[in-house]
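> Quick one, fold the following:
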Amino acid sequence: MVSPSPEVNFPVHFQNHIAWVKIPDRLSVLEAVDFKSTCHNLVLGDQVPQAIILDFSETTFIDSSGVGALVSNLKAAKNKNVELLLKNVSPQVMAVFSLTSLDQVLTFQQDEPAPHGDNSQLPVTHPSVRSVVKRSIDIVGALVGLVITAVLSIPIVIAIRFDSPGPILFGQIRCGWMGKRFRMWKFRSMVINAEELKNTIPNQAKGQIFKNDQDPRITKVGRFLRRTSLDELPQFWNVLMGEMSLVGTRPPTPDEVERYEVPQWQRLDVKPGMTGEWQVGGRSQIKDFEDIIRLDLKYQENWSLMYDLKMIVRTIAILFKKNSGAM
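Okay, the predicted model is just below:
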């Protein structure tokens, strides 16, 4: 479970049926839960305001939990036909909105023109995000992995072609650092209409994940690729592009993130990884979303370069064990 955050005060005052909410200098997991509660109470109260103005003039830091709370507040406001307006957003915060494409759906007002944020102004939500050594390890590992992928892809491509019709690669939209969406690549292990059939398959997992040990959508070759984790080799390209890391948290799908409670957005404070605590912890046996949250937060708490290297070694060792891969 995600531990509750301490209560944070969000001053609210009203003027002509408009609610003004003062946002503090930081909007992180410590403040995000109460930020969400404050705005939800406004739109669900007896006197619903015509608009809510969020004053970001003093805010210079926002993390994934803050983004999650803002997304939740935007949805709640739209459901009640309440305008949500962000006022005086700093370049640092605007850079995050640009990264996550929220700048395209939010409404802004500036008392004075603000310079547009760039990547150098993005927040350091976790030490691993700006680690030059970690990124160097990712690049070297990705290049080596892509060479291995090129060699192994020959028999894999032939096997997929003979097993079932459809493309060799499967691309799926996932959420990365801060919730930024990217296309994650795999060797196709399911039938081509797998996404359309998903709602017909019983979900054996709890929470915001989907698992079925006998998923009929998985092909014969696909079951072998998953058991050996060979289906994930194309993700070395995602690592090379900086969308993923060799080691990190499990990359969630957008529909999973849509159902997150605010504290659960913490898992997006680091880059998703090809491997991590969830992988070496027996991912095919993990069927409770809270267990994934616990493992992801464990990685964030214990992270170091040596921890990453140990995780890579453990992953390589586990790949040679029977039934270690995903099902």
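
> Every contact and neighbour count from this point should use C-alpha atoms.
Will do.

> Please report the distance of residue 91 from residue 131.
22 Å (Cα to Cα, to the nearest Å).

> Give me the more crowded residue out of these two.
Remark: of residue 91 and residue 131, residue 91 carries more neighbours, 18 against 13, as counted by other Cα atoms under 10 Å.

> Does that one touch residue 110 like I think?
No - using Cα atoms under 8 Å as the test, residue 91 is too far from residue 110 to be in contact (11.4 Å).

> Who are the contact partners of the nearest residue in space to residue 266 that is not next to it in sequence?
Nearest residue to residue 266 in three dimensions, chain neighbours excluded: residue 65, at 5.6 Å (Cα to Cα, 6 or more residues apart in numbering). By Cα atoms under 8 Å, 6 or more residues apart in numbering, residue 65 lies in contact with 27, 28, 29, 32, 262, 263, 264, 265, 266.

> same thing with residue 101?
So residue 101 contacts residue 180 (Cα under 8 Å, 6+ apart).

> ok, it to residue 181 distance?
From residue 101 to residue 181 the distance is 9 Å (Cα to Cα).

> again, but for residue 215
Residue 215 is 26 Å from residue 181, by Cα to Cα.

> More neighbours: which of those two?
residue 181 (18 against 15).

> OK, contacts around that one?
100, 173, 174, 175, 254.

> partner residues bridging it?
Going by DSSP bridges, residue 181 is paired in beta bridges with residue 175.

> Next, work out how far apart it and residue 246 are.
18 Å.

> and the helix ranked longest in the chain, what does it pack onto?
Criterion DSSP state H: the longest helix present in the chain is helix 132-163. Applying 3 or more Cα pairs under 8 Å, 6 or more residues apart in numbering; DSSP states H and E, one finds that helix 132-163 contacts helix 220-228, helix 235-240, strand 245-247.

> most tightly surrounded among the ones you listed?
Comparing those by mean neighbour count (mean count of other Cα atoms under 10 Å), strand 245-247 ranks first with a mean of 28.

> what number of residues lie near the residue nearest to residue 27 when sequence neighbours are not counted?
Computed as Cα to Cα, 6+ apart, the closest residue to residue 27 that is not its neighbour in sequence is residue 62, at 4.7 Å. When neighbours are counted by other Cα under 10 Å, residue 62 registers 25.

> likewise residue 22?
20.

> Kindly report the same for the one 5 residues further on.
Applying the criterion other Cα under 10 Å, we find 24 residues in the vicinity of residue 27.

> surely it meets residue 66?
Yes - using Cα under 8 Å, residue 27 makes contact with residue 66 at a distance of 5.2 Å.

> Cheers, nothing more for now.
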